[in-house]
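Asks: Take this sequence and fold it.
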Amino acid sequence: MERLFSGNLAKGSGLAFGFLILIVCVYASMAYGATPINWTDVYHSFTQYDVTSNAQIIVQTSRMPRAFTAAVIGASLAIAGSLIQGMTRNPLADPNVLGINYGASFMIVFAASQLSISSLPVLTGVSFAGAALAAIAVYMLGSLGRDGLTPLKIILAGAALSALFSSFTQGMLVLDEKGLSEVIFWLTGSVAGRSVEMLKAVLPFMAAGWIGALWIARHMNVLTMGEDTAQGLGQRTVFVKLTAGLIIVTLAGSSVAVAGPVGFIALIVPTIARLFSGNDYRWIIPYSAVLGAILVLVADIAARFVIQPEELPVGIMTAIIGIPAFIAIARKGIVAK
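Replies: This is a model prediction of the structure:
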């Protein structure tokens, strides 16, 4: 795969430019919507907050939590996708394809509709449990047979479990029409209506996942050479895989807990990040984080205007954006290893 930047200075400059674009997107997310708000009012809501200004109240109570939630969800899912693709050496792997997001969604719907649990900290733990359950099940199914775990088998196992968890989820909702009306918008992936409290509940887990991903990046570089090569170089591959798996479950589970299963971010963003970073995970991970945050913010802004005065869930917009982007990437052969 041909990369756009070569040399650490060029990569660092590209990452800094991406971060500036991210800041602009965060500001745009707080300014645009059903009620347009001047960028000056957005700035003053942080520096000179006026409780009598309706625009500044909207920014602080609604737009700011929504923008920050979209950014951290995008970053977390993109990092999780980059780690999954590195572990499986499969550019088509992501938390949705492997059933991790569907496992987390199933457990949340079960807890909310059958056990009447509404506490976000509890649902966050439930989401982690569902994501971990799906990840373990996919690994066990994909490891069956004489060949052991292969990229194709893990994709097939993930597809099967995704269908299973999705069927269970739909079955519960069919039997509980009240539950369906309460969670259907969430199930499509949405950051609308998210509060600062909801963000605070999952942010520590996400931050731990980000730090862990940066720490494991150099080990991922060795692991992607192949397990035999990595072991020959003295790497404890089982420990690296378990650590990466824990990070993936943490990032995917916390993202699903606060926003539902937002698709395609973890699939296409790492591939785009490699255009700028090459195959060095010390750069892939930060590039994925920045690009993932930008993509979810742009999708969320667009979702506010497509069917005005109503809004589309951001998960639908990421699919609308993601499918053509992924097809274009595949046609150019970028995903081929």
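
Asks: What ranges does the stretch 151-300 of the chain have for its strands?
Replies: In order along the chain, the stretch 151-300 of the chain carries no strands (DSSP state E, counting those that start in this stretch).

Asks: same for the longest helix anywhere in the chain, what does it pack against?
Replies: The residue-count maximum for a helix in the chain (DSSP state H) belongs to helix 196-223. Secondary-structure packing of helix 196-223 (3 or more C-beta pairs under 8 Å, 6 or more residues apart in numbering; DSSP states H and E): helix 64-88, helix 120-142, helix 227-232, helix 237-259, helix 281-303. (Each C-beta comes from the backbone N, C-alpha and C, glycine too.)

Asks: Go through it and flag the buried ones.
Replies: Judged by neighbour count using 16 or more other C-beta atoms under 10 Å, the buried positions of helix 196-223 are 198-199, 201-203, 205-206, 209-210, 212-213, 216-217, 219-223.

Asks: Report the central residue of this protein.
Replies: With distances taken as C-alpha atoms, centre = their mean, residue 77 lies nearest the centre of the chain, 1.8 Å away.

Asks: Please report how far that residue lies from residue 158.
Replies: 16 Å (C-beta to C-beta, to the nearest Å).

Asks: most remote residue from the protein's center?
Replies: residue 52 (36.5 Å).

Asks: and that residue, what element?
Replies: Assigned by DSSP states H and E, residue 52 falls within no helix or strand.

Asks: same question, the one 5 residues further on
Replies: Element membership for residue 57, per DSSP H and E: helix 54-58.

Asks: Please compute how far that helix lies from its chain's middle.
Replies: Distance of helix 54-58 from the chain centroid (C-alpha atoms, centre = their mean, to the nearest Å) equals 29 Å.

Asks: Show me the shaky parts of the stretch 151-300 of the chain.
Replies: Scanning the stretch 151-300 of the chain for pLDDT under 70 picks out the ranges 151, 176-186.

Asks: again, but for the stretch 1-150 of the chain
Replies: 1-4, 6, 147-149.

Asks: now do 80
Replies: In the predicted model, the stretch 1-150 of the chain carries pLDDT under 80 at residues 1-7, 90-93, 97, 112-114, 116-121, 123-124, 142-150.

Asks: Not counting its neighbours along the chain, what's nearest residue 272?
Replies: Spatial nearest neighbour of residue 272, chain neighbours left out: residue 291 (5.8 Å); criterion: C-beta to C-beta, 6 or more residues apart in numbering.

Asks: just residue 265 next, same as before
Replies: residue 77 (4.3 Å).

Asks: The one you found: what's it in contact with?
Replies: 95, 251-252, 255, 262, 265-266, 269, 292, 296 (C-beta atoms under 8 Å, 6 or more residues apart in numbering).

Asks: Which positions within stretch 308-324 qualify as buried?
Replies: So for stretch 308-324, counting by 16+ other C-beta under 10 Å, buried means 311-322.
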